[in-house]
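Q: No sequence on hand, only this structure:
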């Protein structure tokens, strides 16, 4: 949480996600009193630490402080999760309301560009950090099966999901950032209403053969009554010597014909 102006708050900041805080929750302000042992640790390494209370007169003796343990997670190196995450325009929903369709939007974030200041989750896009990609997935809740995933650098995703059908089941939507195999520390997730994943048909490539154009006297010389091809099997034409043609559909199979104009 960061203070933007007197009595105005911005949260979350940096790489964190929003969290609810009940009324009366205490807020602690830390001064610029960061300490370090000067050692570098590898990701995944476990380290014992002691937190020493410091007042205006003295510091708690180290042998009196309890020992805690932390696992290094490379937090400073990891890419930031996107900001301003919305599903159908609703910011950071934990549960998504039923709708005819579902669209996920968010704002870019850049760990490097934001290093000198705290940016709250409502601000517009910054960056993104070079090499960052966004991973969006749909996970079936009852089986934990990932039924769909998409990795891209865009910040608008139309989900292939419909909340209807006899096979409807609750799904979990997840969003994270990945940079060269390193994932954001946190991952956003929301519960979608019971529905099903609808696969998007793959694009179909159609090759149309080259057509020979015959006009005027050459048309009459080739065939006075015109050229014909069996209905529905391809492209065919009928014309006249004047070279004036018009295209017309020839039935449900969408073959085309050229007729005298």
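A: Thanks, I have it. All values reported here derive from a predicted model rather than from experimental measurement.
Q: Every contact and neighbour count from this point should use C-alpha atoms.
A: OK.
Q: isn't residue 79 right up against residue 111?
A: Yes: judged on Cα atoms under 8 Å, residue 79 makes contact with residue 111 at a distance of 6.0 Å.
Q: how many neighbours does residue 69 have?
A: 10 (other Cα atoms under 10 Å).
Q: let me fix that: residue 89
A: When counting by other Cα under 10 Å, one arrives at 14 neighbours for residue 89.
Q: So for it, what's the pLDDT?
A: At residue 89, the model reports a pLDDT of 97.
Q: So what are the structural domains in the protein, by residue number?
A: In terms of domains, the chain is parsed into 83-197, 216-260 (source: automatic domain parsing).
Q: All the helices of the stretch 151-261 of the chain, in order from the start?
A: Here the stretch 151-261 of the chain has its helices, by DSSP state H, counting those that start in this stretch, at 216-222.
Q: on that earlier part again, mutual contacts of residue 79 and residue 111, please.
A: Listed as contacting both residue 79 and residue 111 by Cα atoms under 8 Å, 6 or more residues apart in numbering are residue 129.
Q: Could you report the separation of the spatially closest residue to residue 153 that is not a sequence neighbour from residue 50?
A: Among residues not flanking residue 153 along the chain, residue 133 sits closest, at 4.9 Å (Cα to Cα, 6 or more residues apart in numbering). Distance, residue 133 to residue 50, using Cα to Cα, to the nearest Å: 37 Å.
Q: who has more neighbours, the two?
A: residue 133 (22 against 13).
Q: The helix or strand where that one lies pairs with which strands, parallel or anti?
A: Using DSSP states H and E, the element containing residue 133 is strand 132-140. For strand 132-140, the paired strands and their directions (DSSP bridges) read strand 146-152 (antiparallel), strand 169-179 (antiparallel).
Q: which residues in the stretch 51-200 of the chain form strands?
A: Taking DSSP state E, counting those that start in this stretch, the strands of the stretch 51-200 of the chain run over residues 67-71, 83-87, 90-91, 102-107, 132-140, 146-152, 156-159, 161-162, 169-179, 182-183, 188-197.
Q: So which bits of the strand holding residue 133 are buried?
A: 132-140 (16 or more other Cα atoms under 10 Å).
Q: Just want the angle from it to strand 102-107.
A: 150 degrees (axes from the mean of the first three to the mean of the last three Cα atoms, to 10 degrees).
Q: Okay, angle between strand 132-140 and strand 188-197 too, please.
A: Going by the same axes, to 10 degrees, strand 132-140 makes 50 degrees with strand 188-197.
Q: contact partners of strand 132-140?
A: So strand 132-140 is contacted by 79, 145-154, 169-180, 197 (Cα under 8 Å, 6+ apart).
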